[in-house]
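Engineer: can't give you the sequence, but here's the structure:
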DNA sequence: AAATAAATTTAGATTAGTCTAAAAATATAA
DNA sequence: TTATATTTTTAGACTAATCTAAATTTATTT
């Protein structure tokens, strides 16, 4: 069995390798986990001993098949628990991350599968992130963001790239939740600030905000 | 915040003090937690520093108000999760203890209260143990067991004093689950083995088994 | 009440995970 | 291509929780 700490490292490495880099750097992991590079080096050695990552000094790490499986199964747990918290316990989408962060480590095959069934096999979590299936297959977002749209284009909100409480809270106030229909009315050339229509209401949104909102064109 | 380990010590001390002893002994705690007396002494000192227990060398420990509150709230969590696992995820009553043992430490007021509401404020867990309310009040069983009954008496099963998988499994095979009606037909004088009626079926049950089955007389 | 047994505590060591500070390797710039 | 900056690793120390073995205290016998 792996400790919570080991699991968190694997998850961090998994997420960092999604961007396609060959060899995730020590510093990047330290940043993500709010720890020090020296601690990361220590842990990486341990994970390498357990064949969860492959590692060569100074060259960064990559997950092995075994390591990836563990990471994906934790992400599966995390996202299923988020669905549970929002759909069954009526939490809001900006409240569930930290709780799911703890629940995800209760990693029993049977519990996960029962939960999945209880929730009726959801495909996405409350932030639009895809939930890996029980074999570890995961649909990756195409990642078209609101900021990619041109004036006049219409789309539907399907996810977010930033999960902070403040961002999610802000989106909710603008009614920019999953499933919301948006239409771009106007784009400021200087800084790409957008004027858009959400539920027939005009909203002004910065590039910083629009580039973190994943949409699907109509 | 308290660590999982600290919480497990508090829970163990709470359960051991239910029998009414003044000063729970180091050895008893070590037994309960499958650890060594010397480790217990170390932890007790730490808990005493945090004002969670009162402790005098060689005299055993007692929970303070603060320590009792923590212990009861963990027990509340544990039992609510057990209800969830059995009623919502269709686990059997002999499967839920270990999972609840992990879930109980995710100790957020809001989560507990939402779960309680979702489950419609249950009063007992799947083993018949009372669930403390949100103020920490807990109904204590009167603890009449099947072994206390005399020939001819009828009763209903309301709980168990022993939570091992093998015992719970055995009971289920005999249909001796919560709510089952029993009638004592015959008691062997020598070893108190009982012949009883459960759902009109005859069952022979040892004293070892009958004294761990909590019942309520009709 | 002295002798023995049992329970409890102390002393010192161990493991997991972390840290700081210094050393080594790699990347970047002049 | 030598010098400088950045990244990564090593060395050594720290904390939480545990352990073994020895010492101490309390309880039980005789």
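Structural biologist: Okay, I see it. Small disclaimer: the values here were computed from a predicted structure and weren't measured.

Engineer: Contact partners for residue A:76?
Structural biologist: Applying Cβ atoms under 8 Å, 6 or more residues apart in numbering or on different chains, one finds that residue A:76 lies in contact with A:112, A:131, A:132, A:133, A:134, A:136. The C-beta positions use only the backbone N, C-alpha and C, and glycine is treated the same way.

Engineer: can you map out the strands along chain A?
Structural biologist: Across chain A, reading from the start of the chain, the strands by DSSP state E fall at A:53-55, A:61-63, A:154-160, A:181-187, A:194-198, A:201-205, A:213-217.

Engineer: packing partners for the fifth one?
Structural biologist: Here strand A:194-198 touches strand A:181-187, strand A:201-205, going by 3 or more Cβ pairs under 8 Å, 6 or more residues apart in numbering or on different chains; DSSP states H and E.

Engineer: Repeat that for the fourth one.
Structural biologist: In this structure, strand A:181-187 makes packing contacts with strand A:154-160, strand A:194-198, judged by 3+ Cβ pairs under 8 Å, 6+ apart.

Engineer: centroid residue for chain A?
Structural biologist: Note on chain A: the residue nearest the mean C-alpha position is residue A:129, at 5.7 Å, using Cα atoms, centre = their mean.

Engineer: Any regions of chain A where pLDDT drops low?
Structural biologist: Per-residue confidence of chain A (counting by pLDDT under 70) places the weak regions at A:141.

Engineer: Can you pull the residues of it lying near chain B?
Structural biologist: For chain A, the residues in contact with chain B (Cβ under 8 Å from any Cβ of the partner chain) are A:85, A:88-91, A:99, A:102-103, A:106, A:108, A:110-111, A:114-115, A:118.

Engineer: mind redoing it with 10 Å?
Structural biologist: Counting by Cβ under 10 Å from any Cβ of the partner chain, the residues of chain A lying close to chain B are A:4, A:81, A:84-85, A:88-91, A:95-96, A:98-99, A:101-103, A:105-108, A:110-111, A:113-115, A:117-118.

Engineer: Out of the residues you listed, which sit inside helices?
Structural biologist: A:4, A:81, A:98-99, A:101-103, A:110-111, A:113-115, A:117-118 (DSSP state H).

Engineer: Just give me the closest of these to residue A:57.
Structural biologist: Closest to residue A:57 out of those is residue A:4 (26.5 Å), distances taken as Cβ to Cβ.

Engineer: Please name the residues that touch the nearest residue to the closest one once chain neighbours are set aside.
Structural biologist: In space, residue A:4 comes closest to residue A:105 once its chain neighbours are excluded; the distance is 5.0 Å by Cβ to Cβ, 6 or more residues apart in numbering or on different chains. Residue A:105 sits next to A:2, A:3, A:4, A:5, A:7, A:8, A:11, A:74, A:77, A:78, B:102, B:106 when contact means Cβ atoms under 10 Å, 6 or more residues apart in numbering or on different chains.

Engineer: State the distance spanning the first to the last residue of stretch A:109-129.
Structural biologist: Stretch A:109-129 stretches 21 Å from its first residue to its last (Cα to Cα, to the nearest Å).

Engineer: now, which of the contacts of residue A:76 lie within helices?
Structural biologist: Among these, the members falling in helices are residue A:112 (criterion: DSSP H).

Engineer: highest average neighbour count across the strands of chain A?
Structural biologist: strand A:61-63 (a mean of 21; mean count of other Cβ atoms under 10 Å in any protein chain shown).

Engineer: So which elements touch that strand?
Structural biologist: Judged by 3 or more Cβ pairs under 10 Å, 6 or more residues apart in numbering or on different chains; DSSP states H and E, the packing partners of strand A:61-63 are helix A:4-17, helix A:37-49, strand A:53-55, helix A:65-83.

Engineer: a markdown table for those, including distance to residue A:187?
Structural biologist: Written out in a markdown table, the entries for the helices and strands packed on strand A:61-63 read as follows (distance: least, Cβ to Cβ, whole Å):
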| stretch | distance to residue A:187 |
| --- | --- |
| helix A:4-17 | 31 |
| helix A:37-49 | 41 |
| strand A:53-55 | 43 |
| helix A:65-83 | 33 |
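
Engineer: So which of these is nearest residue B:170?
Structural biologist: Taking Cβ to Cβ as the criterion, residue B:170 comes closest to helix A:65-83 out of these, the separation being 32.5 Å.

Engineer: How about the residues of chain A by DNA strand D?
Structural biologist: In this structure, chain A approaches DNA strand D at residues A:25-28, A:37-38, A:40-42, A:44-45, A:55, A:57-60, judged by Cβ under 7 Å from any atom of the strand.

Engineer: Just name the closest of the residues you listed to chain B, please.
Structural biologist: Among those, residue A:42 lies closest to chain B (Cβ to the nearest Cβ), at 21.4 Å.

Engineer: How much space separates the residue nearest to residue A:4 from DNA strand C?
Structural biologist: Here the distance between residue A:105 and DNA strand C works out to 12 Å (Cβ to the nearest atom of the strand, to the nearest Å).

Engineer: picking up where we left off before, want to try TSV for the ones in helices among the residues of chain A next to chain B, with neighbour count as columns?
Structural biologist: Output for those, formatted as TSV (neighbours: other Cβ atoms under 10 Å in any protein chain shown):
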residue	neighbour count
A:4	14
A:81	23
A:98	10
A:99	20
A:101	17
A:102	18
A:103	23
A:110	11
A:111	21
A:113	13
A:114	16
A:115	19
A:117	11
A:118	16
